[in-house]
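Peer 1: The following block contains a protein sequence and its predicted model.
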Number of protein chains: 4
Amino acid sequence: MRQNKILSSVKDENLVEKRRNQMIKGAITLFKEKGFHRTTTREIAKESGFSIGTLYEYIRTKEDVLFLVCDAIYQQVRERLEAAIDLKKPSVDNLENVIRSYFELMDDMQEEVIILYQEVKSMKKETREYVLQKERDMVGMLEEVIVSCVPADLAKQDVKLLANNIFVQGQMWGFRRWMLQKQFTLDEYIKRQTHYFMQALAIHKNTNDRRIDDGTSATV
Amino acid sequence: MRQNKILSSVKDENLVEKRRNQMIKGAITLFKEKGFHRTTTREIAKESGFSIGTLYEYIRTKEDVLFLVCDAIYQQVRERLEAAIDLKKPSVDNLENVIRSYFELMDDMQEEVIILYQEVKSMKKETREYVLQKERDMVGMLEEVIVSCVPADLAKQDVKLLANNIFVQGQMWGFRRWMLQKQFTLDEYIKRQTHYFMQALAIHKNTNDRRIDDGTSATV
Amino acid sequence: MRQNKILSSVKDENLVEKRRNQMIKGAITLFKEKGFHRTTTREIAKESGFSIGTLYEYIRTKEDVLFLVCDAIYQQVRERLEAAIDLKKPSVDNLENVIRSYFELMDDMQEEVIILYQEVKSMKKETREYVLQKERDMVGMLEEVIVSCVPADLAKQDVKLLANNIFVQGQMWGFRRWMLQKQFTLDEYIKRQTHYFMQALAIHKNTNDRRIDDGTSATV
Amino acid sequence: MRQNKILSSVKDENLVEKRRNQMIKGAITLFKEKGFHRTTTREIAKESGFSIGTLYEYIRTKEDVLFLVCDAIYQQVRERLEAAIDLKKPSVDNLENVIRSYFELMDDMQEEVIILYQEVKSMKKETREYVLQKERDMVGMLEEVIVSCVPADLAKQDVKLLANNIFVQGQMWGFRRWMLQKQFTLDEYIKRQTHYFMQALAIHKNTNDRRIDDGTSATV
DNA sequence: CATGAATGAGGGTTCATTCAT
DNA sequence: TATGAATGAACCCTCATTCAT
């Protein structure tokens, strides 16, 4: 893991990883609840199952915890996203599946994503840059999927922007849940958004009929 | 203004408004720079041009400042958005104009929007609810514009979701500027996003050609 | 009144007295409720019916208010005590009446007495001394009543101590009400305490001589 | 000790007791000098020999210090009072000895008692109730001594009131020292007061009958 | 390696007092 | 005289971080 960016005074690497995982788990629980700023290092230590002294054997700064947490979240997103992308049979259907998987993933990780959104900006420059790169990477993955799945000769800029849009709208499902999740089921949300993406990608042919579940004859 | 929700021990309402405006201005400057949590009430007072004692004559809690700031931002967004919406001649062109105005507005207010995104979640429930309502209102405004401008018989859900998408993608221009503004000019961004929206709204007729500025023949 | 010890920047003496009386009334109300330290000058001003600025036209320090209040309380006690003492017909019965009147007075002024007990010690030396002198005066009044009412040739020290005891037990009725007023009615309390005082006074006819640096064989 | 009512974030109970004792000692010194309200938590920390941070490891609120102090004072009074009470040979002489011991105790602890008198009323309800109970307990102890030492069949109410009076007059020796200690030596004070108490107690052999819901003809 | 007591800078907030109007 | 906005010292308390055991 890229945890290595963070210095620890403990030598045993396995132990470091173990403790940090405890720490990340504990911290995420707390950050979900009260956010980074309102969470105490003491609380993190306690929730992680060890003492404040021990906590500081594995990090140097409270901000290190934030970094570790964000890093872990991105890592997890990435892993699941990678698993969902099956490049062997690139096809339009596959693209839809990837989008669906990604949205479902965002649904699972709603609260983690909120952590990212709220706290990334309060990291110090260098750390933040590292974390933002992860976002770029992930958007990049979506770009690749698009390129490989869509036959049409898409403009590069469109690919980039649509990848970005997919990425964003996935996150928004959780981030704006107070609004969206009161008006849509996850499935509805996915279907509609996917539909828009497909239109933008010039794939509008035979998909009207998919709009079944709500009588809306959305004459496209 | 709805500033009135916040109690002040000063009676003169004009003065209250004046001082609070100073305060909001000062606070926004600081919040942009370091975020709410890292900003001190003392700093806010100083930046606003008065003493810490005076600050507390006009608010009760540091969180009140946050509320005032968010409220002011939404207020400003709303006003400009309302000004941009001209319902007298509802037309597809008008919709495009509104979207453009809104995106330009989001460009102007990038940093303010970042404040909203980062801090709203750290407000106490009641306050947050008040602020979220503002977002709902604004999405509602976009919904109305869509309905009145688009001739097609759109599904309610599509209207809602597309209004939401417009709203979100506008905010994202600022929020994700580290990525988007390195790859697109504002004009490009607006054009492409608008194009997608129009497609989704079933308005794809004769608009391909508009894609001039970047040779991308985006064969849709 | 001895209010004059406190400087005011207002010249009109009648006005000064009027305002100060408002102030004393307001302050007592508040001090009863929350004590001197927990009461704000602003609150005092408001309760008195004028502004904080006006308050400071009539005093110089918050402590001045405390002084004024204590002074007023002692004044009131003194006046009522004086009214109760009728030296024209000094007799044992009269003594009992005075005691009863004093105890009833202490019942009426319970909360005021509590103010004295709690706050006098937190005055600055000079002010406190002035106020303590009032207590001495009042004990002195009781001494005089005893001397004039009791025929027996009492030892000076006994007079002093018994006057003190009467004074104290009167105050205690209010100060220890959480205990005493749950176990006694005022009338019971007066009767019993009076009875003890009378015993202490009456017995001396035959025991004066014992009081010589105390072989004290407590001949009961 | 009942210090346990106050939470500490330090686990080691011995250390907690040690530090709290330092704290109590330091605080008493300061409270004697300037009272609770005029004493700063920082001052308490400093006087106790540790930092402000450490102080707050052992308490939660400034008021906790007050509670600890009051509790400790009562504790000490109680212990010394208990030691003075020897019920094995209950006798009138024994009663006199107890009174003397108690008064001497009050002489030793004058300033501590003043703290109690001034500050108890400014505690929050729950805390105060706890502390007042201590007073009731101590008066109760005196009641027991009276009952066991005095052969006469005393009215319950007289026992209660006289126990209260003893308790109060003991405290007054310190509380009114500015008056009493200028007019009496401790020994004189004890002898005279004791004499009055004895009269009140012994006289009842022949006056029991009066004590029937008070026709009280105060046969002096 | 683990612990947790100690530290103190710094944060939010209050409130007595002043002074221009 | 009366007002009340302005001031800032000072208060209580928190919490990231260190270090001796």
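Peer 2: Sure, I can see it.
Peer 1: Return the distance of the nearest residue to residue A:102 once chain neighbours are set aside relative to DNA strand E.
Peer 2: Once flanking residues are discounted, residue A:102 sits nearest to residue A:170: 5.3 Å by C-beta to C-beta, 6 or more residues apart in numbering or on different chains. In short, each C-beta sits where N, CA and C put it, glycine included. Per C-beta to the nearest atom of the strand, to the nearest Å, residue A:170 is found 34 Å from DNA strand E.
Peer 1: thought residue A:170 was touching residue A:104?
Peer 2: No. Applying C-beta atoms under 8 Å as the test, residue A:170 and residue A:104 come out as separate, 9.2 Å apart.
Peer 1: who has more neighbours, those two?
Peer 2: Counted by other C-beta atoms under 10 Å in any protein chain shown, residue A:170 and residue A:104 do not tie: residue A:170 has more neighbours, with 26 against 17.
Peer 1: check contacts around the residue nearest to residue A:102.
Peer 2: A:102, A:103, A:105, A:106 (C-beta atoms under 8 Å, 6 or more residues apart in numbering or on different chains).
Peer 1: ok, and the most crowded of those?
Peer 2: residue A:102 leads the contacts of residue A:170 on contacts (other C-beta under 10 Å) with 25 neighbours.
Peer 1: And the pLDDT at the residue nearest to residue A:41 when sequence neighbours are not counted?
Peer 2: Distances taken as C-beta to C-beta, 6+ apart place residue A:62 nearest to residue A:41, at 5.3 Å, with adjacent residues excluded. Per-residue pLDDT puts residue A:62 at 96.
Peer 1: What does the pLDDT read for residue A:130?
Peer 2: Looking at residue A:130, its pLDDT stands at 88.
Peer 1: for it, helix, strand, or coil?
Peer 2: helix (DSSP: H, G, I helix; E, B strand; the rest coil).
Peer 1: What's the separation between the residue nearest to residue A:41 and residue A:42?
Peer 2: For residue A:62, the distance to residue A:42 (C-beta to C-beta, to the nearest Å) stands at 11 Å.
Peer 1: quick one: the helices in chain A?
Peer 2: Along chain A, the stretches classed as helices by DSSP state H are A:13-34, A:41-48, A:52-58, A:62-84, A:92-108, A:110-119, A:125-149, A:156-175, A:177-183, A:186-200.
Peer 1: what's the burial count for the residue of chain A found nearest DNA strand E?
Peer 2: Closest contact between chain A and DNA strand E, by C-beta to the nearest atom of the strand, is at residue A:53 (2.1 Å). By the criterion of other C-beta under 10 Å, residue A:53 has 8 neighbours.
Peer 1: Now flag whichever of the contacts of residue A:170 is closest to DNA strand F.
Peer 2: Among these, and counting by C-beta to the nearest atom of the strand, the member closest to DNA strand F is residue A:106, at 29.0 Å.
Peer 1: Double-check that closest one against residue A:112; I have them as touching.
Peer 2: No. Residue A:106 is beyond contact range of residue A:112, at 9.5 Å (criterion: C-beta under 8 Å).
Peer 1: quick one: contacts for the residue in chain A positioned nearest to chain D?
Peer 2: Nearest residue of chain A to chain D (C-beta to the nearest C-beta) works out as residue A:42 at 8.7 Å. By C-beta under 8 Å, 6+ apart, the contact list for residue A:42 reads residue A:52.
Peer 1: do you know how far it is from residue A:58?
Peer 2: For residue A:42, the distance to residue A:58 - C-beta to C-beta - is 15 Å.
Peer 1: the inter-axis angle of the helix or strand of chain A with the lowest mean pLDDT versus helix A:13-34?
Peer 2: In chain A, no helix or strand scores lower on mean pLDDT, DSSP states H and E than helix A:110-119, which sits at a mean of 89. For helix A:110-119 against helix A:13-34, the angle by axes from the mean of the first three to the mean of the last three C-alpha atoms, to 10 degrees is 90 degrees.
Peer 1: May I see the buried residues of helix A:110-119?
Peer 2: The neighbour-count check on helix A:110-119 (16 or more other C-beta atoms under 10 Å in any protein chain shown) flags A:112, A:113, A:114, A:115, A:116, A:117, A:118, A:119 as buried.
Peer 1: Just list what that helix packs against, helices and strands only.
Peer 2: helix A:13-34, helix A:62-84, helix A:156-175, helix B:110-119 (3 or more C-beta pairs under 8 Å, 6 or more residues apart in numbering or on different chains; DSSP states H and E).
Peer 1: and chain A, what are its domains?
Peer 2: Per automatic domain parsing, the structural domains of chain A span A:2-64, A:70-204.
Peer 1: Would you tell me which of the ones you listed gets closest to DNA strand F?
Peer 2: When those are compared by C-beta to the nearest atom of the strand, domain A:2-64 sits nearest DNA strand F, at 3.6 Å.
Peer 1: Quick one, grab the pLDDT at residue A:208.
Peer 2: 37.
Peer 1: tell me the contacts of the nearest residue in space to residue A:29 that is not next to it in sequence?
Peer 2: Excluding its sequence neighbours, the residue lying closest to residue A:29 (C-beta to C-beta, 6+ apart) is residue A:47, at 5.9 Å. Counting by C-beta under 8 Å, 6+ apart, residue A:47 makes contact with A:26, A:27, A:29, A:30.
Peer 1: Name the residue closest to the centre of chain A, please.
Peer 2: Against the mean C-alpha coordinate of chain A, by C-alpha atoms, centre = their mean, the closest residue is residue A:77 at 4.8 Å.
Peer 1: and that residue, what does it touch?
Peer 2: Neighbours of residue A:77 in contact, by C-beta under 8 Å, 6+ apart: A:105, A:109, A:138.
Peer 1: between the residues you listed, which is closest to residue A:83?
Peer 2: residue A:105 (9.5 Å; C-beta to C-beta).
Peer 1: pretty sure that closest one contacts residue A:79?
Peer 2: No. Contact between residue A:105 and residue A:79 fails when scored by C-beta under 8 Å: they sit 9.9 Å apart.
Peer 1: Hmm, residue A:154 is touching residue A:200, no?
Peer 2: No. Judged on C-beta under 8 Å, residue A:154 makes no contact with residue A:200 at a distance of 9.6 Å.
Peer 1: Between those two, tell me which one has more neighbours.
Peer 2: residue A:200 (23 against 20).
Peer 1: Give me the pLDDT value at the more buried one.
Peer 2: 92.
Peer 1: How about residue A:146?
Peer 2: 93.
Peer 1: Tell me how many other residues crowd the closest residue in space to it that isn't next to it in sequence.
Peer 2: Spatial nearest neighbour of residue A:146, chain neighbours left out: residue A:159 (5.3 Å); criterion: C-beta to C-beta, 6+ apart. Residue A:159 has 18 neighbouring residues, counting by other C-beta under 10 Å.
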